[in-house]
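Asks: Next come a sequence and a model predicted from it.
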Amino acid sequence: MERLQRDFEAIFRETKEFLYGYIRKFVDSDADAKDILQQCYIRLWMKMEDVEDLDNILPLLYTYSRNMIIDATRKKAAEKRKMQEYTYLVGDAVDALPAPEDGSAWEKLMKALLQIPEKKRLIFLLRKEKGLSTREIAEQLHITPRAVRKHLEEAVVLLRMHLSSAELFTLIVLHSVSLYAIQEAGGLQQGI
């Protein structure tokens, strides 16, 4: 083990500048480059016992880093796509959000919640307001995680039938009033 550690430390000292320079050519930020560099050496350490030619380790490190750069680039592209989709879906919704004082809009939100079946509403509120995971909801309600996901999907579909995108966005993400607290207080029972 001591020999492996000495070999690893020597490899690190001899290759870190070269590898960092290589990674930095492809990565925009210094922090991302350092993260990838760190991951390369972690991967090397985990495979040190299997490495046969310690004198020619730089090509292996370049391969590790290239694969990690590709993964990081794909991940950033996926995040960018998600953000664009999110922005598209939300559009100008933030400007159009109803306030709780806006009686008609708030009433419409409450009526839409009343339109969905009680179990779906409860699961929706546990997820969106309490922040419970699918697994936690499943355990609490004694149903499968798959059933929880299905109820959530159906609840959103039903809410979309009654609300505009802006209103649904408000209900799901931005509204400051806790809908779950309203449910607990009895405000979301049939016949408000």
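Replies: Perfect, thanks for sending it. Numbering: from 1, shown residues only.

Asks: got a list of what the nearest residue to Tyr64 once chain neighbours are set aside touches?
Replies: Distance criterion CB to CB, 6 or more residues apart in numbering; nearest residue to Tyr64, sequence neighbours excluded, is Cys40 at 4.4 Å. C-betas here are computed from N, CA, C, even on glycine. Cys40 makes contacts with Leu19, Ile23, Leu61, Tyr64, Ser65, Met68, as judged by CB atoms under 8 Å, 6 or more residues apart in numbering.

Asks: Once you drop chain neighbours, what's closest to the first one?
Replies: What that stands for is Leu19. Here the residue nearest Leu19, using CB to CB, 6+ apart, is Leu61, at 5.2 Å.

Asks: which other helices and strands contact the host helix or strand of that neighbour?
Replies: For Leu61, the host element (DSSP states H and E) is helix 58-90. Judged by 3 or more CB pairs under 8 Å, 6 or more residues apart in numbering; DSSP states H and E, the packing partners of helix 58-90 are helix 2-26, helix 30-46, helix 165-169.

Asks: and the second one, what's its mean pLDDT?
Replies: Taken as a whole, helix 30-46 carries a mean pLDDT of 93.

Asks: Need the CA coordinates for that helix. PDB is fine.
Replies: Output in PDB follows, covering the C-alpha atoms of helix 30-46 (Å, rounded to 0.1, in the frame of the first residue of the first chain):
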ATOM      1  CA  ASP A  30     -11.200  27.100 -13.600                       C
ATOM      2  CA  ALA A  31     -13.400  25.400 -11.000                       C
ATOM      3  CA  ASP A  32     -14.800  22.900 -13.600                       C
ATOM      4  CA  ALA A  33     -11.300  22.100 -14.700                       C
ATOM      5  CA  LYS A  34     -10.100  21.500 -11.200                       C
ATOM      6  CA  ASP A  35     -13.200  19.300 -10.500                       C
ATOM      7  CA  ILE A  36     -12.400  17.200 -13.600                       C
ATOM      8  CA  LEU A  37      -8.700  17.000 -12.600                       C
ATOM      9  CA  GLN A  38      -9.600  15.800  -9.200                       C
ATOM     10  CA  GLN A  39     -12.000  13.200 -10.600                       C
ATOM     11  CA  CYS A  40      -9.300  11.900 -12.900                       C
ATOM     12  CA  TYR A  41      -6.900  11.300 -10.000                       C
ATOM     13  CA  ILE A  42      -9.600   9.800  -7.900                       C
ATOM     14  CA  ARG A  43     -10.300   7.300 -10.700                       C
ATOM     15  CA  LEU A  44      -6.600   6.600 -11.100                       C
ATOM     16  CA  TRP A  45      -6.200   6.000  -7.400                       C
ATOM     17  CA  MET A  46      -9.100   3.500  -7.500                       C
END
